[in-house]
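Participant: 3D, please:
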Amino acid sequence: MNETCPETGPKGSWLMRAFRRVTAGGWILLAFTVVLPALVLAVELTTRICTELFLDPVPDGWNLAAVAAVPIAYLFAWLSARHPAPRRTWPAAFLAGLAQGLSAYYALLMLPIALLGGLVLVMGWWYFGFGLIGILPLAPALAFLGGYFMRRRLLRATLGAPRGRLRGMGFGWLAAMLVVLALLASGVATSIGLHLMTRDDAAQQARGLHLLRRSGRHDLLMRACEWNREASFIGLQRLLLPSRDQLSIEEAQRLFYRVTGEDYALARARIGGRRPNLGRGFAEVFEWDNDQGGARVGGLLKGLSLYGSRYEARADAAAGLAYAEWTLVFRNAHVSEREARARIALPPGAVVSRLTLWIDGEEREAAFGGRSQVRQAYERVVSRRRDPVLVGTCGPDRIQVQCYPVPPNGGEMKIRLGITAPLAIDADGASGRLDAPAIVERNFRLRHDAVDLPQPLVLNLDPPLAEHAWARDTRFEPPAIVQQHAVRVPAWRPSRVAVVVDTSLAMRPSVATVAESLAALPAGVELRLWAVGDAATPEPPITATTPLDATTQARIRKVLSSSACVGGRCSLRTLQAAWDDLGDDGTSAALVWIHGPQPFPSQTADDLCRRLERASPDKRLYAFQTVAGACRITEALDGVRGVQTLVPADALADVKAPLRRLLDGWTGETEIWQCVRTRVPGEAVGEGREAGEHLVRQWAADEVRRKLVSGDAVRRDEARQLALAWHLVTPVTSAVVLENQQQYREAGLEPVQASTVPTVPEPGLWVTLLLAAVVLVGWRWRERRAIRGA
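Facilitator: Sure thing, here's the model as predicted:
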């Protein structure tokens with residue numbers, strides 16, 4: 001292949017002469033041992049095509065170094081053969097042996113793919129005259145064969161003959177075998193850890209978890225989470241993998257979260273997102289969204305993004321309420337239709353009271369119905385590839401939004417959410433703060449520098465909040481009015497506070513701030529700090545009475561250090577232990593749960609829900625999520641009494657501000673506005689100022705929550721009827737927009753009339769009204785002047 005041809009003998013054809021000139025210089029050998037391996041490595045690092053379709057050949061830095069060493073070692077050997085020197089002979093032979101040994105390992109690793117590549121190469125040349133892409137999987141095998149000819153060139157350069165003993169090459173092979181064993185060690189450790197995690201013994205599971213976190217390969221763990229994982233493992237890895245009976249796909253994904261602290265779906269999407277230029281091939285066209293039409297948000301989808309966002313609000317001054325509208329525009333650059341899904345944290349106490357979808361440029365209002373009825377209607381229309389949007393609750397002050405299809409190749413889909421929410425009113429009643437909603441889980445990309453997300457607003461109340469306000473309830477017979485009485489009362493203050501801090505990897509940037517903020521607890525509070533761990537039995541808490549001394553603060557900083565945050569940890573057992581530890585002796589107590597995503601709880605949250613439902617009103621749970629992501633525990637608390645959420649947008653941006661605001665409110669020296677709303681039968685005018693219909697909507701939302709707490713089937717049905725009458729999204733009702741009236745009839749739903757939905761006046765409307773007022777005043781002024789002149 002690369003022998004130096006003698007100068008004597010027949011000259012042959014011009015093609016043979018050219019071939020002799022090329023092979024005499026070893027350029028073909030250079031191409032197959034240096035250029036091709038380097039090219040294949042560069043293609044894989046930039047596109048990750050082999051990782052997406054087959055397996056990851058460079059899962060970590062050690063494998064990357066081993067693969068990169070092949071062309072580098074061969075290049076040194078080739079240069080040494082071209083410019084021989086006695087002192088470089090042994091190193092060149094050693095490196096040639098090292099490169100050939102590593103090439104042999106990767107050739108065996110890639111053997112199934114190499115056979116496919118050879119088939120592509122032959123068929124491509126035979127049918128199309130071009131099939132060079134098929135040579136890429138053959139690179140390790142060609143590099144291994146090139147090592148034989150590299151040895152001949154080194155022998156000819158040193159001994160003058162292509163045969164003989166080349167000292168140093170055997171040591172290179174030995175070094176290559178040691179490197180291969182080291183590379184296989186992490187794979188073997190991963191397999192051992194997986195087997196230990198499938199055992200029933202807790203101690204063995206703990207050892208397996210420790211081994212996987214320390215030495216496990218994340219790419220192998222990810223392959224274990226896939227439905228076709230048997231095809232993803234080859235050789236020794238496949239033999240050592242636990243069977244599906246021992247480790248199901250769901251259990252593997254839960255294990256992946258416990259080891260890495262990351263949801264498998266997000267990790268898979270992140271790997272695919274590193275291939276921005278590999279966008280129109282076979283793999284992308286046939287990429288399937290397994291969560292389409294379902295209740296899971298899933299991982300990020302290629303090409304789908306939030307393209308536009310508009311948030312505006314107005315206040316009902318008499319009632320101290322606000323109505324906000326959030327318009328969202330989704331854009332799909334993919335070649336196939338996409339479903340946009342998101343979970344949104346609403347301001348505390350807020351409720352969705354309107355849903356709009358634009359179809360062919362026309363606004364279509366939603367129909368409200370029972371959760372299962374609306375879900376079935378949505379899934380039926382999605383299967384027909386029509387234009388629905390669905391909104392339902394998925395936890396305290398949380399909703400899930402789904403819309404399909406977002407058209408391909410740059411198509412857009414536009415929706416609008418209407419939100420009724422109470423304001424955090426200032427002491428003088430002249431203004432109120434409206435907290436902003438926040439996206440806590442999504443399957444689309446979000447560029448914060450290109451899209452304006454909602455921000456907290458301060459709305460003026462002119463005139464100030466009325467002590468007494470009323471509004472007519474026009475949706476029920478007999479007629480009635482809803483009255484509101486607003487009064488300043490001392491803020492609720494707990495005597496005992498249990499703080500449960502999630503120490504998963506996602507919380508690493510936040511735990512130091514949490515430890516610092518606990519020093520702001522008011523004096524005289526019994527503090528119990530619980531750090532979530534891996535053990536089935538929670539570790540004992542740190543107990544102290546505020547103000548905290550220096551020793552206690554040092555212990556807290558140690559427990560909540562960034563190094564303590566590893567993997568993914570479930571907070572359920574610690575929450576239950578902390579709740580029980582607070583006691584039920586009538587003392588006011590608060591459990592503050594500061595956490596990140598919890599996509600895979602270790603058990604159901606039924607026991608925690610029962611504890612919360614049986615607790616006294618003076619015992620509260622504050623759920624405070626500081627990192628965006630799925631939280632199945634929070635979802636299970638939907639409709640449960642005594643659960644309060646902290647401001648979502650603030651928490652995701654800055655942990656310290658909302659946490660300090662909560663703790664500062666427990667000093668016992670502050671007062672807050674308390675609004676009591678009641679429904680009174682009759683048509684008489686109520687006491688105080690008349691407010692808008694949002695007062696009735698907020699009363700209805702509060703009444704639905706109260707009825708659901710009882711757990712009685714009759715009261716649950718009453719809550720559903722009340723929510724449907726006022727078009728509210730609650731734990732028992734959802735909203736859906738369908739494409740046409742026939743689909744509504746098939747689902748047994750009726751869309752809301754446009755005249756009954758709440759609105760935020762457009763800026764153009766305000767300008768028109770202002771101009772009309774100016775014209776009217778001017779006309780009256782001129783009329784009066786004319787009368788006086790006469």
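Participant: Specify the beta-bridge partners of Arg488.
Facilitator: Counting by DSSP bridges, Arg488 forms beta bridges with Trp673.
Participant: Let me see the contact set for it.
Facilitator: Applying C-beta atoms under 8 Å, 6 or more residues apart in numbering to Arg488 gives the contacts 427, 671-674. Heads up, the C-betas are built off the backbone N, CA and C, glycines and all.
Participant: Nearest to Leu115 among these?
Facilitator: Comparing the contacts of Arg488 against Leu115 with C-beta to C-beta places Ile672 closest, at 72.3 Å.
Participant: From Gly320, how far off is the closest one?
Facilitator: Per C-beta to C-beta, to the nearest Å, Ile672 is found 12 Å from Gly320.
Participant: Next: Ser305.
Facilitator: Distance from Ser305 to Gly320, by C-beta to C-beta: 37 Å.
Participant: Check Leu663 too.
Facilitator: 24 Å.
Participant: out of those two, which sits in the busier spot?
Facilitator: Neighbours around Leu663 and Gly320, counted as other C-beta atoms under 10 Å, are more numerous at Gly320. The numbers are 26 against 19.
Participant: That one against His468, yeah?
Facilitator: No - using C-beta atoms under 8 Å as the test, Gly320 is too far from His468 to be in contact (12.0 Å).
Participant: Assign a three-state SS to the spatially most central residue of the chain, would you?
Facilitator: The centroid of the chain falls nearest to Gly629 when counting by C-alpha atoms, centre = their mean (4.3 Å). Here Gly629 is recorded as coil under DSSP: H, G, I helix; E, B strand; the rest coil.
Participant: With adjacent residues omitted, what lies nearest to it?
Facilitator: Of all residues not flanking Gly629 in the chain, Pro597 sits nearest, at 2.7 Å (C-beta to C-beta, 6 or more residues apart in numbering).
Participant: Which is the succeeding secondary structure element to the helix or strand hosting Leu183?
Facilitator: In this structure, Leu183 sits in helix 169-197 according to DSSP states H and E. Downstream of helix 169-197, the next assigned helix or strand under DSSP H and E is helix 202-215.
Participant: Only the buried residues of that next one, if you could.
Facilitator: With burial defined by 16 or more other C-beta atoms under 10 Å, the residues of helix 202-215 counted as buried are 205, 207-213.
Participant: which of those residues lies closest to Ala175?
Facilitator: Leu211 (27.0 Å).
Participant: gap between the closest one and Leu196?
Facilitator: Counting by C-beta to C-beta, the gap between Leu211 and Leu196 amounts to 7 Å.
Participant: again, but for Phe256
Facilitator: In terms of C-beta to C-beta, Phe256 sits 15 Å off from Leu196.
Participant: So those two - more neighbours on which side?
Facilitator: Neighbours per residue (other C-beta under 10 Å) separate Phe256 from Leu196, with Phe256 holding more: 25 against 20.
Participant: Which of the helices or strands spans the more buried one?
Facilitator: helix 249-260.
Participant: For that helix, C-alpha coordinates in PDB please.
Facilitator: Once non-C-alpha atoms are left out, helix 249-260 reads as follows in PDB (Å, rounded to 0.1, in the frame of the first residue of the first chain):
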ATOM      1  CA  ILE A 249     -37.300   2.600  31.600                       C
ATOM      2  CA  GLU A 250     -39.100   4.700  34.200                       C
ATOM      3  CA  GLU A 251     -36.800   3.400  37.000                       C
ATOM      4  CA  ALA A 252     -33.800   4.100  34.900                       C
ATOM      5  CA  GLN A 253     -34.900   7.700  34.300                       C
ATOM      6  CA  ARG A 254     -35.500   8.100  38.100                       C
ATOM      7  CA  LEU A 255     -32.000   6.700  38.700                       C
ATOM      8  CA  PHE A 256     -30.500   9.100  36.200                       C
ATOM      9  CA  TYR A 257     -32.100  12.000  38.100                       C
ATOM     10  CA  ARG A 258     -30.800  10.700  41.400                       C
ATOM     11  CA  VAL A 259     -27.300  10.400  40.100                       C
ATOM     12  CA  THR A 260     -27.000  13.500  37.900                       C
END
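Participant: any idea of the angle that helix forms with helix 202-215?
Facilitator: 60 degrees (axes from the mean of the first three to the mean of the last three C-alpha atoms, to 10 degrees).
Participant: Just list what whichever helix or strand comes after helix 249-260 packs against, helices and strands only.
Facilitator: For helix 249-260, the following helix or strand on the C-terminal side (DSSP H and E) is helix 264-272. Counting contacts by 3 or more C-beta pairs under 8 Å, 6 or more residues apart in numbering; DSSP states H and E, helix 264-272 packs against helix 49-53, helix 218-224, helix 249-260.
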